[in-house]
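> Predicted model and sequence below, questions to follow.
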Amino acid sequence: MERLRESLDMTESTRRPSIRVGNGTDPRDARDIVANSSVVISTAGPFLDYSKEIVNACLESGSHYVDITGETPFVRDMLDRGHHERAQRKGIYIVPGCGFDSVPSDIGTFAVVRKIRELTGGGETSRVRCYATLNGKLSGGTVGTFVRMHRLGLADQLSDPFLLGGSSSFVDIKEAKDFDRVEFCEDVHAWTAPFMMAPINTRVVRRTNQLFDFEYGSKFQYEERALAKNEKHAKALERLNRVSVEAREEMIKKGSLPKPGQGPDESTRAQSTFEMLFLGESVDGNTHVRGVVSGGDPGYDETAKIVSESAVMLATKCNELKKSHGVHGGVLTPAFAFRDYFIDRLRDVGLVIDIN
């Protein structure tokens, strides 16, 4: 940390940042860490364990907050504690999920829906389906958090497609159920399988639709699938998705899955990529839009860019965001909080966002 601080190229009019050390689970330490910060970035999970007091401190101090969580129960907990209303009253942006969980899904869907509205003169979107291709390695933190969520008895929350909201009188739980099988999909002329991050990303996208007062569509449906090379690959992805918590714990002990703190090295990350293909359809079925969000290593390199750009936007553009969008705070999703500003910034740091 000291080496990073000293490496910063500072101008004569600016000072190098201070370094604060403390236990984020302790309310007093959390307040000391957050004090005098305009924006706080939280990257240490499980967030249910390590970020509750940080969020509380932000709400007390007036600091904005972003993180890289994929823990939907953590977001649900914030909503249940009344943090959304409290942040609204104080004009604070609390924006979880500003990493690969779940920005590509959220901003890709936002861009596709916006394009459909543009082409149809304000028409609603019937559905968006996302097909994900990942080429990389998992981090130990991601694996450990999955195990932790289930050990806390949160399986029912994790499986609830409307955990973060997004339900309407026209969409029931059967229509929103996560894709859980192997299937050849004519839309992409390829085999598809369950996508391990769908139970995270789909909940965030549905909350975005709700925050927009269901402007995506009153019957809007969103689904994610993994795109497979062939049927054999699709079946392998399905089997991997069904591995039990106990089996994953055993794999961690044996070293076949990484432990918390372990992850891919620099050379592996340099060769890692992701691509999310979005296919959107208008309610009348006459308008179809294709979108792609892609980039390099998702879990580390691109996540670091995304969460950093989120924080920079809140530090430099928050008043502009509030004025242009009429959103003064709350527990928000990335697409609802940042919108077009986010697309431009992500493109500037190398992510591909192509909508046509």
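Structure received.

> Do a quick rundown of the strands in the protein.
Here the chain has its strands, by DSSP state E, at 39-42, 64-67, 93-95, 125-135, 183-185, 190-193, 221-227, 273-282, 288-295, 330-331, 352-355.

> Of those, flag the one that's most buried.
Across the strands of the chain, the average number of neighbours (mean count of other Cβ atoms under 10 Å) peaks for strand 64-67, which reaches a mean of 28. (Each C-beta comes from the backbone N, C-alpha and C, glycine too.)

> List of residues touching that one?
38-43, 47, 51, 54-55, 58, 92-99, 307, 310-311, 314-315, 318 (Cβ atoms under 8 Å, 6 or more residues apart in numbering).

> Flag the shaky bits of this structure, pLDDT-wise.
10-14, 169, 172 (pLDDT under 70).

> hmm, back to that, may I see the strands of the chain organised as JSON lines, with distance to residue 303 added?
Listed next are those as JSON lines, based on distance: least, Cβ to Cβ, whole Å:
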{"stretch": "strand 39-42", "distance to residue 303": "11"}
{"stretch": "strand 64-67", "distance to residue 303": "11"}
{"stretch": "strand 93-95", "distance to residue 303": "14"}
{"stretch": "strand 125-135", "distance to residue 303": "13"}
{"stretch": "strand 183-185", "distance to residue 303": "28"}
{"stretch": "strand 190-193", "distance to residue 303": "23"}
{"stretch": "strand 221-227", "distance to residue 303": "18"}
{"stretch": "strand 273-282", "distance to residue 303": "10"}
{"stretch": "strand 288-295", "distance to residue 303": "10"}
{"stretch": "strand 330-331", "distance to residue 303": "20"}
{"stretch": "strand 352-355", "distance to residue 303": "16"}
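
> Can you give me the end-to-end span of stretch 63-80?
20 Å (Cα to Cα, to the nearest Å).

> Any buried residues in that stretch, and which?
63-79 (16 or more other Cβ atoms under 10 Å).

> what's near enough to touch residue 104?
274, 276, 293, 295, 298, 351.

> okay if I get the residues you listed as a markdown table plus distance to residue 154?
Formatted as a markdown table, those follow (distance: Cβ to Cβ, whole Å):
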| residue | distance to residue 154 |
| --- | --- |
| 274 | 26 |
| 276 | 26 |
| 293 | 28 |
| 295 | 30 |
| 298 | 24 |
| 351 | 31 |
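
> of all the residues you listed, which comes closest to residue 190?
Among these, residue 276 lies closest to residue 190 (Cβ to Cβ), at 14.4 Å.

> looking at it, that closest one is touching residue 130, isn't it?
Yes. Counting by Cβ atoms under 8 Å, residue 276 touches residue 130, with 5.5 Å between them.

> Give the intersection of the neighbour lists for the two.
Joint contacts of residue 276 and residue 130 (Cβ under 8 Å, 6+ apart) are 105, 108.

> Apart from its chain neighbours, what residue comes closest to residue 207?
residue 164 (4.0 Å; Cβ to Cβ, 6 or more residues apart in numbering).

> Looking at the buried residues of stretch 63-80, which are in helices?
72, 73, 74, 75, 76, 77, 78, 79 (DSSP state H).

> ok, the fifth one to residue 354 distance?
Residue 76 sits 33 Å away from residue 354, going by Cβ to Cβ, to the nearest Å.

> for the nearest residue to residue 37 once chain neighbours are set aside, what are its contacts?
Using Cβ to Cβ, 6+ apart and skipping the chain neighbours, the partner closest in space to residue 37 is residue 63 (4.8 Å). Residues near residue 63 by Cβ under 8 Å, 6+ apart: 34, 37, 38, 39, 40, 57, 92.
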